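**Q** Sequence plus the predicted model coming up.
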Amino acid sequence: MRGAAAFGAAGATGLLSSPLMAQAVGDTGALRLPPRGEFTIAGAHVMTMDGALGDIAGGSVHVRNGEIVAVGKDIAGGGEKIDGTGMIVMPGIVETHWHMWNTIFRSFAGDRLEEGYFPTVARFGQQMSPDDIFQSTRLSAAEAINSGMTFVHSWCHNVRSTAHAEADISALAEVGIRARHSCGWPQGVPDTQSADQAPIESLARDWKSWSNDGLITLGMAWRGQFRAGPIKPEVYQPEFDNARKLALPITVHVASAHKAVNQIEPLYKAKLMGKDVQLIHTLSANAAELDMIKESGCSVSVSPGSELRIGYGYPQIGEMLAKGIPLGISVDTSALTGSSNLFGVLKLARDSENAKAESEFKMTARKALELGTIEGARSMGLDDRIGSLTPGKRADLIAISPNTLNMAVVTDPAHLVLEATAAENVDTVVVDGRILKARGKLVAVDTPKVIAGARAALAGVRERTKWR
Ligand SMILES: [Zn+2]
């Protein structure tokens, strides 16, 4: 099959990049992010995810100062030469809605009603300190890089103080991932009370100092009109208006389950939709509501890993793509999904579409990978910067090694990448021209320290809640 010949090299040992490695900083254990150097990955199967460039067998990608300079088969290249023989090089995976602050509760949602996701997260989330948020988000960000995500949307709905929000952002910055931090409300705040706007206003005032050189952008995570029940306009409207006043993108869960009907039309009628509003889930959208989403310019994020797990039902991926609605795929929460490798979630997205249609051919593997790259970037308003390997874009890319038991014997690259990529196959990860994973190892993250920190944070929450 096409491209298969490129994968014969059993000797691929990973990409070598010693001059571009991270250096330890003092005795803090934190690693300084590596410099943005100049390098050329050569001889790889390059899946550009750019409609004009397509796939390039034996292709090269030239990166300089964080930018993709050239992509092609016979480019001159420059800087450090990196042998990509036997590798699949593609854009980094784009994640679009993840409650990274609660990853310390990984797989914690239990099997009985009172142990379900919402009561669990509300009860234990209220006991979290800023450092607990930092540890949880840093664990998530490290997992993201390790499994090939180069952009995440940290959907932070446990902002108990400005320091809690700052902790979330600091963790993203330390790991070096490209991200949006959407600043929300604290777990446990009554639905009769507007969220404190001081944290988001403080961040917006001084955003340049938090943005990690422009890698992180700010948004607002909004409760919307519906939680357990309806929320009154005097509660939700000031929150929404403040986000608009600050010119921040807004994100909101709405119509999350198929049984949560009639939530999108009220949003539309109240003029709470628009190009600056991302809707999460929208599983119950009827045909008229899909038209409202399209007309308003909203983007949507669906998270089949959590939606199937919690019983919300199947997402309407094909329906939204047919309308031309910008769509991204997301993790949502590791408390429900456990491992948060987005390749697995993208596979579920394709599989759920095929299951609904009772067809092997409803969604192609290539389309699912587009949702995880260029379409996800478009849904976050970032497709002019990331999402494809296009000269002029920022250098967010990954190299996948199929030289393992779970990926060897390469046939069709798109199917293989979608159906088989595990974190162990992600050999190299580059964010904004910085090599953050090389030869299968994170180079700017002290992994044992990240794990120990997250475990200690969870132990502290257990102690403070007398949870045995
Ligand atoms: Zn969510």
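**A** All right, it came through fine. Numbering: from 1, shown residues only.

**Q** Identify the residues contacting residue 128.
**A** Contact analysis of residue 128 by C-beta atoms under 8 Å, 6 or more residues apart in numbering lists 101, 136, 158, 160, 164, 457, 461. To be clear about C-beta, it is placed using only N, CA and C from the backbone, and glycine gets the same treatment.

**Q** where along the stretch 51-200 of the chain do the strands fall?
**A** 55-64, 67-72, 80-83, 88-91, 93-94, 149-156, 178-183 (DSSP state E, counting those that start in this stretch).

**Q** Revised request: answer the last question for the stretch 351-468 of the chain.
**A** Secondary structure of the stretch 351-468 of the chain by DSSP E, counting those that start in this stretch: the strands cover 397-400, 426-431, 434-438, 441-442.

**Q** Which one, of the ones you listed, ends up nearest to residue 344?
**A** Smallest distance to residue 344 across the strands of the stretch 351-468 of the chain (C-beta to C-beta): 12.6 Å, for strand 426-431.

**Q** which residues does residue 346 contact?
**A** Residue 346 makes contact with 93, 329, 368, 369, 371, 372, 418 under the criterion C-beta under 8 Å, 6+ apart.

**Q** Let's have the residues you listed in a markdown table, adding distance to residue 46.
**A** A markdown table is the format used below for the contacts of residue 346 (distance: C-beta to C-beta, whole Å):
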| residue | distance to residue 46 |
| --- | --- |
| 93 | 16 |
| 329 | 22 |
| 368 | 19 |
| 369 | 13 |
| 371 | 19 |
| 372 | 17 |
| 418 | 17 |
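
**Q** Nearest the geometric middle of this protein, what residue?
**A** For the chain, the residue whose C-alpha lies nearest the mean C-alpha position (C-alpha atoms, centre = their mean) is residue 95; its distance is 2.1 Å.

**Q** Would you quantify the distance from that one to residue 341?
**A** Distance of residue 95 to residue 341, computed by C-beta to C-beta, to the nearest Å: 10 Å.

**Q** repeat for residue 93
**A** When distance is defined by C-beta to C-beta, residue 93 is 9 Å away from residue 341.

**Q** Then residue 395?
**A** Per C-beta to C-beta, residue 395 is found 22 Å from residue 341.

**Q** And residue 72, by the same measure?
**A** Computed as C-beta to C-beta, the residue 72 to residue 341 distance reads 30 Å.

**Q** Between these two, which is the more surrounded one?
**A** Per other C-beta atoms under 10 Å, whichever of residue 72 and residue 341 has more neighbours is residue 341, with 23 against 16.

**Q** And the pLDDT at the more buried one?
**A** Confidence per residue is given as pLDDT, and for residue 341 that number is 96.

**Q** Residue 212 in helix, strand or coil?
**A** Secondary structure of residue 212, reduced to three states by DSSP: H, G, I helix; E, B strand; the rest coil: coil.

**Q** Run a quick neighbour tally on the nearest residue to residue 282 once chain neighbours are set aside.
**A** Counting by C-beta to C-beta, 6 or more residues apart in numbering, residue 255 is the residue found nearest to residue 282 once chain neighbours are left out, at 4.9 Å. Other residues within reach of residue 255, judged by other C-beta under 10 Å, total 27.

**Q** what about the closest residue to residue 108 other than its chain neighbours, distance to residue 462?
**A** Beyond its immediate neighbours in the sequence, the residue positioned closest to residue 108 (C-beta to C-beta, 6+ apart) is residue 335, lying 5.0 Å away. Residue 335 sits 15 Å away from residue 462 when distances are taken as C-beta to C-beta.

**Q** Just want to know which of those two has more residues nearby.
**A** Using other C-beta under 10 Å as the criterion, residue 335 and residue 462 rank with residue 335 on top: 23 against 13.

**Q** can you pull the contacts of that one?
**A** 99, 102, 103, 105, 106, 107, 108, 109, 117, 120, 121.

**Q** Make a PyMOL selection of whichever of these turn out to be buried.
**A** Buried members of those can be picked out in PyMOL with the line below, counting by 16 or more other C-beta atoms under 10 Å:
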select buried, resi 99+102+103+105+106+108+109+117+120+121
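
**Q** quick one: which of the contacts of residue 335 is nearest to residue 224?
**A** Taking C-beta to C-beta as the measure, residue 224 lies nearest residue 99 of the contacts of residue 335, at 15.4 Å.
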